[in-house]
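Only the shape, not the letters, is given here:
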């Protein structure tokens, strides 16, 4: 790839520092060699490809720390008639839409196998960097168990490369964690409580005991310190998870004061996915894809969810951006940034939640999350000012360049120059 120089931009480097005008970023192959004011960057004695940002804003590649890369919600009737292999071809579009939204790294919260990650790494398809959980652990009849009272399992997610996630009791929990790790899991996902999209439980239901959750944490840690992320919505389940050493709480709908204090004490991350229940309610108004039980639960929790996350933010809990993409359409992920600002974050803090803090949550902060010399060359160019209009990022046409690992994955500058002046 050689040298690439991105110049004539305004730098938002992900660290929280003020935006820098007349900035530039020098890339060498897939790494950042220099970043800062253009005048301070020494030109190499080699041919350099120049990318003119045309006054746009240069940001790190964005993160979504909670996606489902190989699914997008369908009507149950359609799901039952969908051939198994079709989901992989559909995922090609989901991954491309994710990249086009400026998201270059994701943590997959379930149902994507290692072959999909390899397809991206081998360049067979375009997609974000992935950290996989394979299949979430769940109790029989809990969130993640898609068995219906008719006796039909509407997803049948167990196949080679995707071990069953259903586990009851300490020993089965231990075995399932080992099976996920064997299948390529880089983070373990557990459903510590019920949820919105499952037919036979409620978000406040507690699923696993603290002892069972601690076994998951212990088993995962044996493998080079792999972390555990917990779908946890009710306060009791959240507290069980935090006390057991869970790394991040996903959703956190009913956080109480004790749960927040525990998260601060343990340094636990919160991934709010504020967009998820809102999207369920929105979808119910335009189609029949969302089952009625999910719509009813989503309507019940939307306001409590916002209040809970706002309280955690004010208390100082570390918040990483995640959306639950797959529950809503892939590519609409950056609506979450506006929702984070609605609960009290500044636009800069929301950007950091999707860059620096998200990278730290995933353990990738040495290579990603901020624009600094030595880090991997993941960056985007945006033609609007996200510090003035964070919601402008919801329009993917405003994200004009996406570079991942030094490779240009999206380039609208060559066809949109007249509009960027």
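That came through fine. Just so we're clear, the structure is a prediction, and the values are computed from it rather than from any experiment.

how far away is residue 362 from residue 226?
In this view, residue 362 and residue 226 are 11 Å apart by Cβ to Cβ, to the nearest Å. (C-beta placed from N, C-alpha, C; glycine too.)

swap that for residue 344, please
Residue 344 sits at a distance of 32 Å from residue 226 (criterion: Cβ to Cβ).

Those two: which is more packed in?
Neighbour tally, residue 344 and residue 226, criterion other Cβ atoms under 10 Å: the higher count belongs to residue 226, 21 against 12.

Residue 182: how many residues sit nearby?
Around residue 182 sit 11 other residues, with neighbours defined as other Cβ under 10 Å.

What lies in contact with stretch 217-228?
Applying Cβ atoms under 8 Å, 6 or more residues apart in numbering, the external contacts of stretch 217-228 come out as 174, 177-178, 181, 185-190, 213, 216, 244-248, 363.

Which members of those are classed as buried?
Among the contacts of stretch 217-228, those scoring as buried are 174, 177-178, 181, 185-190, 213, 216, 244-248 (criterion: 16 or more other Cβ atoms under 10 Å).

Farthest from the middle of the chain: give me that residue.
Here the centre of the chain is the reference, and by Cα atoms, centre = their mean the most remote residue is residue 45, at 39.3 Å.

Just give me the longest helix of this structure.
Counting by DSSP state H, the longest helix found in the chain is helix 292-315.

Output the contacting helices and strands for that helix.
helix 257-266, helix 275-284 (3 or more Cβ pairs under 8 Å, 6 or more residues apart in numbering; DSSP states H and E).

repeat that for 10 Å
Taking 3 or more Cβ pairs under 10 Å, 6 or more residues apart in numbering; DSSP states H and E as contact, the helices and strands that helix 292-315 lies on are strand 248-251, helix 257-266, strand 269-271, helix 275-284, helix 335-342.

Which among the ones you listed is found nearest to residue 99?
Taking Cβ to Cβ as the criterion, residue 99 comes closest to helix 335-342 out of those, the separation being 16.8 Å.

what distance separates the helix or strand following the closest one from the centre of its chain?
Read in the C-terminal direction, the helix or strand following helix 335-342 is helix 347-353, with elements assigned using DSSP states H and E. Computed by Cα atoms, centre = their mean, to the nearest Å, the separation of helix 347-353 from the middle of its chain amounts to 15 Å.

could the helices and strands packed on helix 292-315 go into CSV alongside mean pLDDT and distance to residue 59?
Conversion of the helices and strands packed on helix 292-315 to CSV gives the following (pLDDT from 0 to 100; distance: least, Cβ to Cβ, whole Å):
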stretch, mean pLDDT, distance to residue 59
strand 248-251, 98, 23
helix 257-266, 98, 28
strand 269-271, 98, 20
helix 275-284, 89, 20
helix 335-342, 98, 11
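
how about the ones you listed, which one is nearest residue 86?
In terms of Cβ to Cβ, the element of the helices and strands packed on helix 292-315 nearest to residue 86 is helix 275-284, at 20.7 Å.

circling back to that earlier point, among the contacts of stretch 217-228, which ones are in strands?
When those are checked against strands using DSSP state E, the ones located there are 188, 189, 190, 248.

Let me have the residues you listed in TSV, adding distance to residue 277 as columns.
TSV is the format used below for the ones in strands among the contacts of stretch 217-228 (distance: Cβ to Cβ, whole Å):
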residue	distance to residue 277
188	24
189	19
190	20
248	19
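
Low-confidence stretches in this structure?
When residues are selected by pLDDT under 70, those of the chain lie in 148-149, 151-152, 154-157, 415-421.

quick one: secondary structure of residue 131?
Of the three states, residue 131 takes strand under DSSP: H, G, I helix; E, B strand; the rest coil.

List the buried residues for stretch 341-356?
343, 345, 347, 348, 349, 350, 351, 352, 353, 354, 355, 356.

Among those, which one sits closest to residue 195?
Proximity to residue 195 was ranked across the buried residues of stretch 341-356 by Cβ to Cβ; first place goes to residue 343, at 20.5 Å.

For residue 276, see how far away the residue nearest to the closest one when sequence neighbours are not counted is.
Once flanking residues are discounted, residue 343 sits nearest to residue 310: 4.1 Å by Cβ to Cβ, 6 or more residues apart in numbering. Per Cβ to Cβ, residue 310 is found 16 Å from residue 276.

Likewise for residue 106?
Summarising the geometry, the distance separating residue 106 from residue 276, computed by Cβ to Cβ, is 15 Å.

more crowded one of these two?
Looking at residue 106 and residue 276 with other Cβ under 10 Å, you find the greater number of neighbours at residue 106, namely 30 against 27.

isn't there a helix covering that one?
No: the assignment for residue 106 by three-state DSSP gives strand, which leaves it out of any helix.

In contact with it, which residues?
By Cβ atoms under 10 Å, 6 or more residues apart in numbering, the contact list for residue 106 reads 62-69, 95, 98, 112, 127-132, 322-323, 325, 330, 333, 358, 362.

Just the ones of the residues you listed in helices?
Residues of the contacts of residue 106 located in helices (DSSP H): 95, 98, 358, 362.

Scan those residues and report the most crowded one.
When neighbours are taken as other Cβ under 10 Å, the top entry among those is residue 358 (31 neighbours).
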